[in-house]
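A.B. asks: Could you work out the structure for the sequence below:
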Amino acid sequence: MEAFDWQRIFFHKFPLAFLAEVTLRVAIAYVLVFLFLKVAGRRGIRQLSVFELVIILTLGSAAGDVTFYEDVPIAPVATVFAALLLLYRTTTYVMGRSSRIAAWMDGVPITLIREGRYEIENLSRLNISEDEFFMELRQQGVEHLGQVKMGILEIDGDVSLFFYEDDLVQAGLSVMPPEHRQDFTRVPDDGLYACNHCGHTHVLKAQQEFSCSHCSHESWSRALANRRAR
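C.D. replies: So this is what the prediction gives:
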């Protein structure tokens, strides 16, 4: 084999006319995917459930194979699409008739923040890092947890937030990045501090080391009480 053989790299053993066939195959695959999504009544990409994501990935694999492999005929791929559509329709019908199956397939909303404090048990069983969650909160205009009455992780992965009115905002844990939030195990001054693990607030004395009464962790940052910027 010769290195940098441009004929091999770009065309291998295919004649130029095969590129026209590839174009036709792509057009057919494009139409099949479009028709599938149209008939299935697709939602936005951020609203995909796990089951629907599997369907989309399978569609992509089938559509990709038929576009540039010369030995993959179109009829079996069209059958794959029809079978997937039948499977999708059957599954959504069963989910519509059984809330238990729907909850198992799609999942259920999970409360992550309640009254300005983390729901630790719910948060700990999710595969989500603190930095990732804080980023999600900041993108929705949250500066600290005391501004949030309730935060719910929806089944599509979005976080729905319900805020306190300005006059009801509590002191809470800052969601700022590390360079904008100092963490302490021994607090430097008297004041109100928030537990970095659960968001519970305590009044602490200077140089005091203290275990949170809510979750027993010992890392603290200054609690913020700012109202939300409009």
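A.B. asks: From F162, how far out is the nearest residue to V148 once chain neighbours are set aside?
C.D. replies: When the adjacent residues along the chain are set aside, V148 lies closest to I113, with 5.0 Å between them (CB to CB, 6 or more residues apart in numbering). For every residue, glycine as well, the C-beta is placed using N, CA and C. According to CB to CB, to the nearest Å, I113 and F162 sit 9 Å apart.
A.B. asks: next one: F4
C.D. replies: Taking CB to CB, one finds F4 at 60 Å from F162.
A.B. asks: for V187, same thing?
C.D. replies: V187 is 31 Å from F162, by CB to CB.
A.B. asks: hmm, back to that, so what are the sheet partners of the helix or strand the residue nearest to V148 falls within and their directions?
C.D. replies: Assigned by DSSP states H and E, I113 belongs to strand 110-114. Taking DSSP bridges as the criterion, strand 110-114 forms sheet pairs with strand 117-118 (antiparallel), strand 148-153 (antiparallel).
A.B. asks: L57: which of the ones you listed is closest?
C.D. replies: With CB to CB, the closest approach to L57 among the strands paired with strand 110-114 belongs to strand 148-153: 22.5 Å.
A.B. asks: That closest one: what's the following helix or strand?
C.D. replies: That would be, after strand 148-153 and using DSSP H and E, strand 159-163.
A.B. asks: List of residues touching the helix or strand following that next one?
C.D. replies: Sequence-wise, the next helix or strand downstream of strand 159-163 (DSSP H and E) is strand 191-195. For strand 191-195, contacts defined as CB atoms under 8 Å, 6 or more residues apart in numbering pick out 144-145, 171-174, 184, 187, 200-204, 212, 214-215, 217, 219-224.
A.B. asks: Mark which of the residues you listed are buried, thanks.
C.D. replies: The neighbour-count test (16 or more other CB atoms under 10 Å) marks 144-145, 171-174, 184, 187, 200-202, 204, 212, 214-215, 220-224 as buried among the contacts of strand 191-195.
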